[in-house]
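Q: structure here, sequence nowhere to be found:
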């Protein structure tokens, strides 16, 4: 009987430890952002270290820092580029950006010592890289582009396959996350105002697209996958600046499981929010 009573406390202790660690990581990220004047898309955790990028005269400079926020190592990108996002996955650093000379989206792979291992360009000149995820050890990137017929479109480049989300209305992709045998995209589509757009792509085919109108102009702020559920933090704002905050949870079929209103989910100080 005593063993049975101990089990919930063991799980509760593990949960509390994880929550404490998450809070520590958030606090450390805020300190880095404030000290080095970077934003959250420029920053990623690299084992016990942190890495971030900033513009430099040569394009982009990547910096590794230790837990005390001291600089360990720095390196410059080998091309003139603007950076979009930096992520760490299985001993590799991936920097997504835009080559200013070739006018193309590009992703550079670095090892933990900041040595360049690979430079990969993506089609569509003048397209804007927005986000990426890693599937089967390869970057899958989310791009926003423009077409005279369909206005702004969302493109996903997945190992030479291109998935396109386009209509006569303007679509804009913001986030992409690995999900089941594919990925999920969160963005917006221009109707009367901007509405939330979520797309589920499996095996390189669009399984479903869902558009949600929350009454004003919707912009996704964060996309999370947890226990098979799709979680989107959304701000719904009118032209005067009045805003509501929502967290929407969908299942794998696109059905809304939960919709919570007026949550303050932004963890960063106001001046650093993007």
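A: Arrived safely, thanks for sending. This structure is a prediction, so every number in the text was calculated from the model and none was measured.
Q: where along the protein do the helices fall?
A: 2-36 (DSSP state H).
Q: tell me what the residue nearest the centre of it is bridged to.
A: Most central in the chain under Cα atoms, centre = their mean is residue 175, positioned 4.7 Å from the mean C-alpha point. Here residue 175 shows beta-bridge partners residue 186, assigned using DSSP bridges.
Q: was I right about it contacting residue 219?
A: No: with contact defined as Cβ atoms under 8 Å, residue 175 does not count as touching residue 219 (10.9 Å). Every residue, glycine included, has its C-beta placed from N, CA and C.
Q: got a list of what the residue nearest to the centre of the chain touches?
A: 130-131, 142, 185-187, 220, 222-223 (Cβ atoms under 8 Å, 6 or more residues apart in numbering).
Q: list just the nearest of those residues to residue 242.
A: Closest to residue 242 out of the contacts of residue 175 is residue 220 (18.5 Å), distances taken as Cβ to Cβ.
Q: what's the closest of the contacts of residue 175 to residue 229?
A: The closest of the contacts of residue 175, once distances to residue 229 are taken by Cβ to Cβ, is residue 223, at 11.6 Å.
Q: relative to residue 161, how far out is that closest one?
A: With distances taken as Cβ to Cβ, to the nearest Å, residue 223 is found 21 Å from residue 161.
Q: do residue 250 as well
A: 24 Å.
Q: neighbour count for these two, which is higher?
A: Set side by side, residue 250 and residue 161 show more neighbours around residue 250, with 21 against 9, by other Cβ atoms under 10 Å.
Q: what about the nearest residue to that one once chain neighbours are set aside, how many residues nearby?
A: In this structure, residue 250 finds its nearest non-sequential neighbour in residue 230, 4.4 Å apart by Cβ to Cβ, 6 or more residues apart in numbering. Residues lying near residue 230 (other Cβ under 10 Å) number 22.
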